[in-house]
Every structure is written in structure tokens, then in C-alpha cells.
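> Starting from these lines, generate the structure:
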Amino acid sequence: MSAIWAFLTGLVALVIPGFGAPAQPIYTGYVEADYVYVAPAAAGTIASIPVKEAQAVHKGDVLFTLSAEQQQALLRAAQAQVAAAKADAENLSTGGRTEELDVARASLKKAEADLALAQTNADRTAKLYAQGFAPQSRLDQDNATLASARAQANQLQAQLAVTELPARNAQQAAAEASLAAAQAQADKAAADLADRTVVAPTDGRIERVYYSAGEMAALGTPVVSLLPDAALKVKFYINEANRTAFKLGDTVGVTCDGCAPGLKATLSFLASDPQTTPPIIYSRDERSRLVFLAEARLAATGGVLPGQPVTVSQVAAQ
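Predicted coordinates:
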């Protein structure tokens with residue numbers, strides 16, 4: 001009896017539209033891509049573009065390079081400044097050089113030897129003067145020579161002590177600040193040089209190449225457009241009656257002409273405002289005209305191309 005009833009129900013459904021279980025709603029839409037437009041950080045002449053359109057690239061692959069002669073020269077100059085500032089800082093922190101210290105010590109030794117000789121002569125003259133064999137003038141002269149030799153030795157000893165001392169704290173701080181500034185300038189020059197080589201920010205496929213080698217690329221102007229992996233999304237419209245059946249994170253099925261079967265996408269956006277708004281009030285008849293934009297990220301491309309029309313259907317939760 002149940003088989004006869006099922007047959008009759010199916011027959012009536014064919015004859016009378018709308019009789020039986022309602023058909024699953026489907027929604028029309030199209031595929032859109034979130035392109036990455038790669039531009040130089042500074043203007044310059046394009047030296048090379050080693051990629052071609054439709055070529056697959058990986059994150060870090062070189063997309064294009066700019067002429068870098070000026071940046072290389074600036075980097076060398078900055079590195080030389082760092083070396084000079086570092087040498088000045090080390091010189092101030094360690095005191096006099098070894099050669100300067102050797103000269104100061106040798107001069108002091110000579111002065112000490114002169115002082116010893118002057119002391120001996122003065123002592124001898126003093127004895128002769130006491131015995132009446134030397135005049136007062138010679139005694140005065142030897143004593144003056146002794147005083148001069150003692151003063152010379154004291155001066156050279158003090159000078160050696162100063163040479164052995166490092167620079168004052170203020171001088172050292174200034175030298176260290178100069179070194180830090182030179183290092184920062186060198187880091188900037190190195191960064192500017194690195195910016196002349198532009199690499200892929202993510203895995204993907206080269207969509208368009210807008211320039212050729214030898215042309216001038218302006219700051220911020222895209223040279224290459226890149227279609228990242230998993231950057232395709234489906235944009236479709238849900239009518240007002242079915243909008244509450246969807247929520248973010250839902251899985252929807254996607255079909256299109258020539259696409260691989262079983263494509264799935266994850267709902268990532270639901271518009272709050274309708275795309276078609278009646279002029280006065282939302283009557284029951286007017287509400288049927290409201291549609292809401294929705295977007296879903298494709299889990300796999302499956303041969304889908306940007307701009308391709310698709311059909312979207314809701315997938316029952318597992």
C-alpha cells in the first residue's frame with residue numbers, strides 16, 4: 001500500500017507544481033580574487049623581472065629588482081663611517097697608543113738618567129766647595145741644573161700618567177653616540193639596498209606583469225600582481241526569506257561549467273544591509289525583492305577562474 005501511495009504522490013508532484021517536498025534553494029554568483037599588487041618601496045629603474053605571467057611562485061622568490069648602484073655606494077660610505085667611529089671610540093676607551101706610551105716612557109727614562117747625573121755633579125761640587133776647591137758660581141750652576149733635571153723628570157712622569165689614562169666620560173659618551181649614529185645610518189643604507197630586490201610576499205601565481213626591464217617604476221605603483229593560493233572567493237546573493245538559514249562559517253557547495261565536482265566554500269561574510277531597498281516600507285511583497293550579499297572562501301580552486309559564474313547551494317551540517 002505504501003508503494004502505491006509513494007507512486008501516486010510522485011505522479012501528483014509531476015502534474016501539480018509545488019506539490020511534495022520543496023526543491024533546495026540555489027543561488028547564483030561569481031568568483032572574485034583578492035589580488036596582491038606588489039610595488040617598489042622607492043622609485044627606480046627596473047633592472048630585471050625574472051617572472052612571467054601565469055608562473056607559480058613561492059614566498060621569498062624574486063619578482064623584480066631595481067637598479068642599486070647608488071644604494072651600494074651609500075652603504076659603503078656608511079660602513080666606512082662606522083669603522084671610523086668605532087676606531088675613535090676604542091682609542092678613547094683604551095688611552096694612548098702603544099707607540100705613544102713607548103715614547104713617553106723612553107723620554108722619562110732619559111730624564112731620570114739626566115736627573116741622576118745632575119744629582120751626582122751637584123753632590124761633588126758641594127764637597128769641593130766645602131773644601132774650598134770650587135767657586136760659589138759653579139755650585140749654584142750645578143744646583144740649578146739639578147733642579148731643572150728634577151722638574152723635567154716630574155713633567156715627563158705626569159705626562160706618561162696622562163697618556164695612560166682613557167678619555168673622560170663625556171668624550172667617551174660622545175664617541176659612543178657617534179658610533180651608534182653611524183651604525184644606524186649603515187643599517188638604513190643596508191635596508192634601502194635590500195628594498196631594491198622585491199620578493200613574493202606569499203605563495204601564488206603571477207597574474208599580470210605591468211612593466212618591462214629598463215622602465216622607470218614609481219613609488220607605490222604595482223609592477224606585478226599576484227594571485228595568492230586560496231585567494232578565490234565566491235560572491236552570491238541570498239534572498240530575504242533564506243538569509244536566516246546562513247551563518248558565518250557555514251559550508252556551501254559550488255558548481256560551475258567545467259569545474260571539478262564537489263567544490264566547497266566557507267561562508268566568510270554576510271551583509272547586514274540589503275542590496276535592493278524599496279522606497280517606502282518593507283511590505284510582504286516588497287521583502288521578496290531584498291537580497292543580501294554573501295561571500296565564501298573556496299577551499300580548493302578546482303579549475304575555477306576569477307570572474308566565472310557559479311551556482312551556490314547550502315550544504316547540510318554533518
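
> so which strand or helix has residue 129?
Element membership for residue 129 (DSSP states H and E) is helix 98-130.

> So which elements touch that helix?
helix 136-164 (3 or more CB pairs under 8 Å, 6 or more residues apart in numbering; DSSP states H and E). Every residue, glycine included, has its C-beta placed from N, CA and C.

> the inter-axis angle of the helix it packs on versus helix 98-130?
Angle, helix 136-164 to helix 98-130, by axes from the mean of the first three to the mean of the last three CA atoms, to 10 degrees: 160 degrees.

> Okay, now the unreliable bits of the stretch 151-300 of the chain?
162-171, 276-289 (pLDDT under 70).

> Can you identify each of the strands in it by residue range?
Here the stretch 151-300 of the chain has its strands, by DSSP state E, counting those that start in this stretch, at 197-199, 204-209, 216-217, 224-228, 232-239, 251-255, 263-270, 291-298.

> Check the gap between residue 190 and residue 87 for me.
The gap separating residue 190 from residue 87 is 20 Å, by CB to CB, to the nearest Å.

> ok, these two, which is more surrounded?
Using other CB atoms under 10 Å as the criterion, residue 190 and residue 87 rank with residue 190 on top: 15 against 12.

> my guess is the more buried one meets residue 75, correct?
Yes - with contacts counted by CB atoms under 8 Å, residue 190 reaches residue 75, the gap being 5.8 Å.

> which element is residue 37 on?
strand 36-38.

> who does that strand touch, helix- and strand-wise?
Counting by 3+ CB pairs under 8 Å, 6+ apart, strand 36-38 packs on strand 224-228.

> Quickly run through the sheet partners of the strand it packs on, with directions.
strand 36-38 (antiparallel), strand 204-209 (antiparallel) (DSSP bridges).

> Please identify the most buried of the ones you listed.
Greatest average neighbour count among the strands paired with strand 224-228 goes to strand 204-209 (a mean of 18), per mean count of other CB atoms under 10 Å.

> Give me the outermost residue of the protein relative to its centroid.
Distance to the chain centre peaks in the chain at residue 132, reaching 92.6 Å (criterion: CA atoms, centre = their mean).

> That one belongs to a helix?
No - counting by DSSP: H, G, I helix; E, B strand; the rest coil, residue 132 is not part of a helix but coil.

> May I have the phi/psi pair for it?
Recorded main-chain torsions at residue 132 are phi 80, psi 10, according to degrees, to the nearest 10.

> count of residues packed around residue 101?
So residue 101, with other CB under 10 Å, has 14 neighbours.

> what about it, distance to residue 78?
For residue 101 relative to residue 78 (CB to CB), the value is 33 Å.
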